[in-house]
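Enquirer: Give me a 3D structure for the following:
(one chain, ligands or ions: 1)
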Amino acid sequence: MARKKIALIGGGQIGGVLTQLIAQRQLGDVVLFDIVEDLPQGKALDIAEASRVDGFDISVKGTNSYKDIEGADLVIVTAGLPRKPGMSRDDLLTTNAQIMKSVAENVKNYAPNSIAIIISNPLDAMVTLFQKVTGISHHKVIGQAGVLDSSRFATFIAWELGVSVKDINAMVLGGHGDTMVPLVRYANVNGIPAMELLERKYGDKTKAVEVMKAMVERTKMAGGEVVKLLKTGSAFYSPASSAIAMAESIIYDEKRVLPVCAYLQGEFGINGYYVGVPAVLGENGIENILELTLDQEEQAALDNSVNAVRSLVADMVRLGF
Ligand code: A3D
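Expert: Numbering: from 1, shown residues only. Got it, this is the predicted structure:
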């Protein structure tokens with residue numbers, strides 16, 4: 001198999017971890033782009049100099065020139081400001097939309113045939129803008145949010161039940177904001193409903209519901225919890241790992257079912273918006289969107305989340321993007 005070329009746009013916290021993970025897993029040759037002079041070159045050199053100890057022989061190049069991303073198979077975008085304590089993701093809209101527009105124009109020029117994974121916030125709006133400016137097919141422009149939000153939810157359930165997180169299946173749908181929808185009814189431990197195990201643990205349904213509700217709330221606010229602790233930026237290890245799971249499914253055509261920010265055309269009753277839903281990821285990007293039955297409460301929560309995405313996108317359009 002020819003080695004893939006992976007362009008990372010944004011050489012900050014997430015971009016750096018992405019580079020290291022890609023190198024260690026030998027997923028492809030990396031070009032790390034940033035507008036800050038010397039920053040991507042420094043990170044690339046640092047990571048390349050671990051190649052002997054880590055045992056990888058892919059190439060890692062840092063650059064300030066978009067020409068170097070030419071012909072990339074996969075582009076992962078993290079360019080943009082992260083949150084500081086007290087900020088919502090939506091507060092980043094104006095600044096990051098300007099950045100995303102310039103990123104997208106360059107990807108359109110140099111890597112129009114790539115598949116793109118977007119991570120920059122506010123996520124749902126940034127994916128929408130990137131797709132609009134590049135004109136790359138919707139199924140090849142995908143947002144990362146659900147893999148991370150779901151991993152956070154799964155982690156909290158594992159801690160609560162005292163079981164391995166490897167056996168937890170939990171999914172979060174909707175927009176990547178405070179209205180996201182952790183699906184309680186489908187959360188399970190190797191097929192056993194998480195709610196059943198909670199009820200057995202506490203011997204009381206009301207208490208089990210209360211504990212699950214707290215985990216749902218913590219999941220929704222998990223990004224902010226990390227921002228508050230870090231003080232100077234937002235989570236970066238877990239978002240990088242999440243994007244790597246998506247990248248691997250695409251590069252190795254694994255057809256994993258992952259919750260990702262995908263363009264919907266009628267699925268879940270939503271038309272013309274990027275929203276987090278379970279999708280099959282393979283060599284063509286999003287190859288299928290898996291619909292599932294939602295009860296009234298879940299559908300209402302998803303509709304509420306979609307409304308938040310709609311108003312964010314409308315704000316972006318009003319700002320001229
Ligand atoms: P940070 O460490 O600040 O890195 C961002 C990088 O973007 C910096 O190195 C900047 O120099 C660079 N940059 C700025 N403008 C441009 C430009 N025009 N072209 C290219 N590069 C540019 O942030 P980070 O890596 O921690 O986070 C990056 C983004 O991801 C932020 O918008 C975060 O809010 C977002 N984020 C998303 C998630 C999701 O799960 C969706 C999670 C965590 C962070």
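Enquirer: okay, CA-based contacts and neighbour counts for the rest of this
Expert: Fine.
Enquirer: which ones are touching the closest residue in space to Met195 that isn't next to it in sequence?
Expert: In space, and not counting its chain neighbours, Met195 is closest to Ala208: 6.9 Å by Cα to Cα, 6 or more residues apart in numbering. Ala208 is in contact with Met195, Leu198, Glu199, Tyr202, counting by Cα atoms under 8 Å, 6 or more residues apart in numbering.
Enquirer: what about 10 Å?
Expert: Counting by Cα atoms under 10 Å, 6 or more residues apart in numbering, Ala208 touches Ala194, Met195, Glu196, Leu197, Leu198, Glu199, Arg200, Lys201, Tyr202, Ala214.
Enquirer: Can you tell me how far it is from Pro278?
Expert: Applying Cα to Cα, to the nearest Å, the value for Ala208 to Pro278 is 26 Å.
Enquirer: What of Ile76?
Expert: 20 Å.
Enquirer: now swap in Lys5 and tell me
Expert: Relative to Pro278, and taking Cα to Cα, Lys5 is found at 26 Å.
Enquirer: what's the answer for Thr232, then?
Expert: 32 Å.
Enquirer: Equivalent analysis for Leu229, please.
Expert: Going from Leu229 to Pro278 by Cα to Cα gives 30 Å.
Enquirer: again with Trp159
Expert: 24 Å.
Enquirer: What helix or strand is the closest residue to His139 other than its chain neighbours located in?
Expert: Sequence neighbours aside, Ile286 is the residue nearest to His139 in space, at 4.9 Å (criterion: Cα to Cα, 6+ apart). According to DSSP states H and E, Ile286 maps onto strand 285-289.
Enquirer: quick one: which of Thr232 and Pro278 has more around it?
Expert: Pro278 (24 against 11; other Cα atoms under 10 Å).
Enquirer: which strands and helices sit next to the helix or strand containing the more buried one?
Expert: Using DSSP H and E, Pro278 falls within strand 271-282. On a contact count with 3 or more Cα pairs under 10 Å, 6 or more residues apart in numbering; DSSP states H and E, strand 271-282 meets helix 123-134, strand 141-143, helix 146-161, strand 172-173, helix 237-251, strand 256-265, strand 285-289, helix 296-318.
Enquirer: can you redo the ones you listed as a markdown table with distance to Tyr66?
Expert: Listed next are those as a markdown table, based on distance: least, Cα to Cα, whole Å:
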| stretch | distance to Tyr66 |
| --- | --- |
| helix 123-134 | 15 |
| strand 141-143 | 19 |
| helix 146-161 | 28 |
| strand 172-173 | 34 |
| helix 237-251 | 21 |
| strand 256-265 | 26 |
| strand 285-289 | 23 |
| helix 296-318 | 25 |
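Enquirer: For the protein, which residues are neighbours of the ligand?
Expert: Where the chain comes near the ligand, counting by Cα under 6 Å from any ligand atom, the residues are 9-15, 34-36, 78-83, 99, 103, 119-121, 123, 144-145, 148, 233-236, 239.
Enquirer: 5 Å instead, please
Expert: 10-14, 34-35, 78-82, 99, 119-121, 145, 235, 239 (Cα under 5 Å from any ligand atom).
Enquirer: ChimeraX command for the buried members of these?
Expert: Buried residues within the residues of the chain next to the ligand, by 16 or more other Cα atoms under 10 Å, are selected in ChimeraX with:
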select :10,11,12,13,14,34,78,79,80,81,82,99,119,120,121,145,235,239
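Enquirer: Show me the residues of the chain next to the ligand that map onto strands.
Expert: If you go by DSSP state E, those have nothing in strands.
Enquirer: which residue is nearest the centroid of the chain?
Expert: When Cα atoms, centre = their mean is applied to the chain, the residue found nearest the centroid is Gln144 (1.7 Å).
Enquirer: what's it in contact with, if anything?
Expert: Gln144 is in contact with 76-77, 117-120, 123-124, 127, 176, 239-240, 242-246, 258-262, 276, counting by Cα under 10 Å, 6+ apart.
Enquirer: Relative to Glu297, how far out is it?
Expert: For Gln144 relative to Glu297 (Cα to Cα), the value is 25 Å.
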